[in-house]
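Asker: My questions are about this predicted structure, shown below with the sequence.
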Amino acid sequence: ESLHSCIGLLGISAGSLLLAVHFYSSPRGAPLIPSTALGVLLLILSALLAYAGIRRSLRNASLLIPLCLTLSAFWSGYGVILILAGQGVLPAPGDARDALVPGLATFTLALLLLAVVGFLCGEPLLALVAAAVSLASAHEVALHYSSLLGPSAVACSHLIVCLVGGYFALGRILYFLTKGKVALPGMDLAQKKSQEQLWGSAGSSNPFAAPGLLLNMLSASVFCCRLLGVTHKLFLGHVPWLWAAGTYQIGLCVLSFRAMDVLMATAFGFTSILKFAGGYSLLYPTWQPEEPSFPTPFLVVFSILFAVLALFLSLQSPVDGLYLLVFVSYCIALAGSPRGFFAGGPQGVAVAIFVASASVALIHLYNVRAKTKIPTGQGALKALLARSSLLKLREGPDLHAPYLGYSKYADAEALAYACSVLASFALTATGDPQAPLATVVIPWVVVAGGFLKLLGASVAFARGKTLESSAFIVYAVMWVIWGLTRYSGLYATGRSFHTAVGIVAFMLFNGFIVFCSLFLNLAWFFYSLTFTLIAVSFLLDAIHALPAEYDVAATLIFGLVSFYCFLAALSSSTFEGCCLPMGGPLVQLSGVGAGMTKCLHLPARKASSVKRIADILRNGGTCGIPTDTVYVLVAACSRPDAVEKAHRSKRQAQDRPMSLWISSLKQLEPAKHLFTPLLWDFMEAAWPSPISLVIPRGEWVDFLGMKDSAKYVGTPQSVAIRIPDCSVTTHLIDLVGPIVVTSANPTGEADTTHHNQVYAKLGDKVDAVLCGGPSPENIASTVVDCTKIESGNIGFFRVGIIPKSQVLQILEQVQKK
């Protein structure tokens, strides 16, 4: 943990040292570090800082997270501008100044906010680093507008950053290497760790909200500076700031899903689209003299999506919900201005975004660290909703628990559906066939319909939603290919048979998705079916047979279905119960879809999950659980009805009887006199391990309470028994008592090696699944025949993960004893 902090601090020190050298040598004709080389080095260091911030965030909510991520975004945009200047792309005398000032001004304020919060919340060294970088940025802004302040002042500020960051990193390295014996002043990590854990438990649940809000300041400042006359024009030099902010916000969107904050993650996905659209608009005049045009339907629909998201977000935090209303105004201003981002109206709203982002970011930064919070209205809203019997907010540790087991991410389907709504309205943008790039469509189709939908597909796959993730991937690829083909001039003036064949191939893929969605739910069936209308539009356009207004009809139908799915996904992640139903499966097969409301999937990492599984077993249920080998189906010996149920659900073959598992030989102590000393010692030496011992059946079986169901366990002559070498399984047996075990798959099929396969193979015949992810081993246990052990001989029914030689060695040691 301390070394991850060192990486970030040493990266900050290294970058500041490079900038100090650059500014000290800039009065000369040729600086020691050329602009291109400095830009490349800053890009490398920005990647290092991003890594340090992300790895640090997995531990706690330190102020180092927003510091590293904010500086990483700053240096990435700064580095690209230096590369452009070094390569002569910014030739005019004031171009470099106009390109750098918006970012420098933003990060002066952003780092000043970090410094203030650091001083108020007891992190003076990090606050000093942030204040020094803020001072250096302010000096550089002054340097661009006044020659009275020399570059040496900027270099001196960067040198302070280098020294403070180096001291901080050196203190952590010494503390780590000496195991706490040497601690520089302010470097007592034991005390800091306890403070950070206290802050992390009492603070905000999403440490990435503040960096995302600071990036909104960055994009807004580009247009604010133009409106206020600080810069003379909007041009190519501002694109790195906008696209750096958009790229980092997509990353923060993923991390917010990791922090189980669906609404803020969706908001960051939305705002990243605006940043890429703004960058595209500033990039287009580089090769064409005129400004690009903006299709109004996009922005009107986008304002509606922002408004809906603001409504749901206000239920989580009223301050954040009100903040998103500023973006509703921004989209409306863009829709009402033919010049788009170049018009004064949207630039005026950008000033409001800058001020609002700074204010809300300060609230988030302070509330993450401070014990006394700035009120955001959340408590009053919860108290108001508590009186309602219709609406009840989702809360608790299982807020975003996936149906199929444990996932590190919250559900991203709301973002994917919203992107479908945006991308579908690309069909209504005709544009100029002679200048297809003059219409700002590519950012909406490629970023929204492509990249963000792929993000949603990745998260859906991580949550065990195979069909949904496959559909999102197919749709994303189709939007990207079609968007780039139609709106980047690749079509030219002709269409081809080959294009039509490719679209037909996509339609075949979608036909398979439509068929599979019959087994999922009604909403998904209509979602995939109406996408066929979009694919038909692509096909008709490729063969010059597109009827008039067909695009509008297809857009409205698919857009409305996607919008309903968007609302349903938001409501299901916000409220308990099903406010907007997705519908049930249209077709149900045995074991597929029929038991979706019956079978619990609980993460094995939680002790509470093991306790719930134990309660289910004690009440006569059957469950799939992970072990030291493959997944198994279990029932409590104390419930004969459950043992019989497990036998029926498994379709157990007579040659593969069920076995017994215990957690300790103490559970057989009452019947110890019924075992021979050699067999008892052999069991004691062999367990716990993936070794099943087939021992003679006897009166000891009656001590387990199976009654008549004992006939389903073992054979009339013998019973297989073992103690698993798995802490989760043995803890469960401690709670329940001895259990009856069989493999979690129908007889004759391959072993089950993942919790998703348990439900796929046994369906609703199992009451719950304890989800532990992939099995540690794909090989079953070794089954040893101990029915003739008294003669000194053992046999092997199956040689599994434990080799025969190891079992024989254990027996030899027991015999010598």
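Answerer: Looks like it arrived, so ask away.

Asker: CA atoms for contacts and neighbours, from now on please.
Answerer: OK.

Asker: Just confirm Pro696 contacts Thr787, I think it does.
Answerer: Yes. At 5.3 Å, Pro696 and Thr787 qualify as touching, with contact defined as CA atoms under 8 Å.

Asker: tell me, what's touching those two both at once?
Answerer: When contacts are counted by CA atoms under 8 Å, 6 or more residues apart in numbering, Pro696 and Thr787 have Ser718 as shared neighbours.

Asker: where does the stretch 651-800 of the chain dip in pLDDT?
Answerer: Low-confidence segments of the stretch 651-800 of the chain, defined by pLDDT under 70: 651-656, 748, 763.

Asker: which residues sit in contact with Leu448?
Answerer: You called it Leu, but residue 448 is Ala. Neighbour list for Ala448: 273, 419-420, 422-423 [criterion: CA under 8 Å, 6+ apart].

Asker: Same check on Gly269?
Answerer: 249-250, 253, 415, 452.

Asker: Return the member of these nearest to Thr555.
Answerer: Of all those, Thr555 sits closest to Leu415, with 18.2 Å by CA to CA.

Asker: Spell out the secondary structure type for the closest one.
Answerer: Under DSSP: H, G, I helix; E, B strand; the rest coil, the three-state class of Leu415 is helix.

Asker: Got the phi and psi for Gly122?
Answerer: Backbone torsions for Gly122, taken as degrees, to the nearest 10, come to phi 80, psi 30.

Asker: Tell me how far it lies from Leu32.
Answerer: 39 Å (CA to CA, to the nearest Å).

Asker: Is Trp661 in contact with Pro724, as I believe?
Answerer: Yes. Trp661 lies in contact with Pro724 (CA under 8 Å); the separation is 7.3 Å.

Asker: In three-state terms, label Glu777 for me.
Answerer: Here Glu777 is recorded as coil under three-state DSSP.

Asker: For it, the count of nearby residues, please.
Answerer: Residues contacting Glu777 under the criterion other CA atoms under 10 Å number 14.

Asker: Find the nearest non-adjacent residue to it, please.
Answerer: Thr629 (4.9 Å; CA to CA, 6 or more residues apart in numbering).

Asker: quick one, phi/psi of the one you found?
Answerer: According to degrees, to the nearest 10, Thr629 has phi -120, psi -100.

Asker: Tell me the spacing between it and Ser272.
Answerer: Thr629 is 45 Å from Ser272, where distance means CA to CA.

Asker: neighbour-wise, which of the two wins?
Answerer: Between Thr629 and Ser272, Ser272 has the larger neighbour count (other CA under 10 Å), namely 31 against 23.

Asker: What pLDDT does the model give the more buried one?
Answerer: Among the per-residue scores, Ser272 holds a pLDDT of 95.

Asker: where does it land in three-state SS?
Answerer: Classified using three-state DSSP, Ser272 is helix.

Asker: count of residues packed around the closest residue in space to it that isn't next to it in sequence?
Answerer: Closest residue to Ser272 apart from its sequence neighbours, by CA to CA, 6+ apart: Gly246 at 4.3 Å. By other CA under 10 Å, 29 other residues sit near Gly246.

Asker: Remind me what whichever strand or helix holds Gly246 packs against, helices and strands.
Answerer: Here Gly246 sits within helix 239-258, counting by DSSP states H and E. Other helices and strands packing on helix 239-258, by 3 or more CA pairs under 8 Å, 6 or more residues apart in numbering; DSSP states H and E, are helix 64-86, helix 209-227, helix 262-283.

Asker: how far is the second one from where the chain is centred?
Answerer: This means helix 209-227. 24 Å (CA atoms, centre = their mean, to the nearest Å).

Asker: Send over it as PDB, restricted to the C-alpha atoms.
Answerer: What follows is helix 209-227 as a C-alpha-only set of coordinates in PDB (Å, rounded to 0.1, in the frame of the first residue of the first chain):
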ATOM      1  CA  ALA A 209     -16.900  11.500  -8.100                       C
ATOM      2  CA  ALA A 210     -14.600  14.500  -7.300                       C
ATOM      3  CA  PRO A 211     -12.000  13.800 -10.100                       C
ATOM      4  CA  GLY A 212     -14.900  13.500 -12.600                       C
ATOM      5  CA  LEU A 213     -16.400  16.800 -11.500                       C
ATOM      6  CA  LEU A 214     -13.000  18.500 -11.800                       C
ATOM      7  CA  LEU A 215     -12.700  17.200 -15.400                       C
ATOM      8  CA  ASN A 216     -16.100  18.900 -16.200                       C
ATOM      9  CA  MET A 217     -14.400  22.100 -15.100                       C
ATOM     10  CA  LEU A 218     -11.600  21.500 -17.600                       C
ATOM     11  CA  SER A 219     -13.900  21.100 -20.600                       C
ATOM     12  CA  ALA A 220     -16.100  24.000 -19.500                       C
ATOM     13  CA  SER A 221     -13.000  26.300 -19.100                       C
ATOM     14  CA  VAL A 222     -12.100  25.900 -22.800                       C
ATOM     15  CA  PHE A 223     -15.400  27.700 -23.800                       C
ATOM     16  CA  CYS A 224     -15.400  30.000 -20.800                       C
ATOM     17  CA  CYS A 225     -12.100  31.500 -21.700                       C
ATOM     18  CA  ARG A 226     -13.300  32.200 -25.200                       C
ATOM     19  CA  LEU A 227     -16.500  33.900 -24.000                       C
END
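
Asker: which parts of that helix are buried?
Answerer: Of all the residues in helix 209-227, those buried under the rule 16 or more other CA atoms under 10 Å are 209-227.

Asker: follow-up on the earlier one: for the helices and strands packed on helix 239-258, give me JSON lines that also has distance to Leu41.
Answerer: Converted to JSON lines, the helices and strands packed on helix 239-258 look like this (distance: least, CA to CA, whole Å):
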{"stretch": "helix 64-86", "distance to Leu41": "8"}
{"stretch": "helix 209-227", "distance to Leu41": "22"}
{"stretch": "helix 262-283", "distance to Leu41": "24"}
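
Asker: show me the residues around Ser357 that make contact.
Answerer: Neighbour list for Ser357: 213-214, 216-217, 323 [criterion: CA under 8 Å, 6+ apart].
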